[in-house]
Structures are given as structure tokens and as C-alpha cells.
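Student: how does the following fold in three dimensions:
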Amino acid sequence: MEEQTYDFHQTFDPETDSALMSLVRVLACYENQPVEELPPINYSVDSEALERVLDCGCGHSSSGGVKVEFEYEGNRVRVSSTGDVWVWESTNRVA
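Tutor: This next block holds a predicted model:
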């Protein structure tokens, strides 16, 4: 992903913050909604597996850390084990 293609980027500290909880907070901010009003993330991705992969940092890429990308509520989301979350509108968005 080129750096210019995302609509929103936020970071978290993977040493002190839960990747999954940080991801949910970023999505709430992007959607401009309270966390409680978001559809459950596990409707889009296996949240337990996502947390395990990000927390262990297994399979580090050459650019550092693990990156996982998935679709959530018509948006593409990429989260890295190094503490970055990117969100952008999916080109496959269904009206």
C-alpha cells in the first residue's frame, strides 16, 4: 500500500496497549461513533486470531512487524504489530 492511499492513520503503543482494543478505538474515531455503537469486529475478522498474530509478531515482514488487512463495514483496514492502523474506503464498497 502506498502511503498516499489511506484516508486515516493512527498509532498505538504495542508494548502497553492491546492491539484489538486500539483497533476498535481507531475504527470508532474513523466512523465518528462511540465504540459501543460499532458493529462487532468479529463479524469481519476472527478477532481472537487477529490479536494472537499481532501480539506475537509472528512472521515479521521485511518492513518490520506483521500487517493484517481486512474489510470492515465497507472500508479496508490494515493493522500492524508495530502499532499502526490505516483505514481507507474500499473500492468494492456496496451501496
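Student: quick one: the strands in the chain, in order.
Tutor: Assigned by DSSP state E, the strands in the chain fall at 8-11, 67-72, 75-80, 84-89.
Student: any idea how far the spatially most central residue of the chain lies from residue 55?
Tutor: Ranked by distance to the mean C-alpha position of the chain (C-alpha atoms, centre = their mean), the top residue is residue 79 at 3.8 Å. To residue 55, residue 79 is 11 Å away according to C-beta to C-beta, to the nearest Å. For the C-beta atoms, the positions are set from N, CA and C on the backbone; glycine is no exception.
Student: overlap in contacts of those two?
Tutor: Overlap of the contact sets of residue 79 and residue 55 (by C-beta atoms under 8 Å, 6 or more residues apart in numbering) consists of residue 19.
Student: give the contact list for residue 67.
Tutor: 61, 78, 79, 80, 81.
Student: pull out the buried positions in the helix or strand of the chain with the lowest mean pLDDT.
Tutor: None of the helices or strands of the chain scores lower by mean pLDDT, DSSP states H and E than helix 47-56, at a mean of 88. By neighbour count with 16 or more other C-beta atoms under 10 Å, helix 47-56 contains the buried residues 50, 53, 54.
Student: need the contact list for the closest residue in space to the last one that isn't next to it in sequence.
Tutor: In this case it means residue 54. What sits nearest to residue 54 in space, not counting adjacent residues and going by C-beta to C-beta, 6 or more residues apart in numbering, is residue 19, at 4.0 Å. In this structure, residue 19 makes contact with 12, 50, 51, 54, 55, 79, 81, judged by C-beta under 8 Å, 6+ apart.
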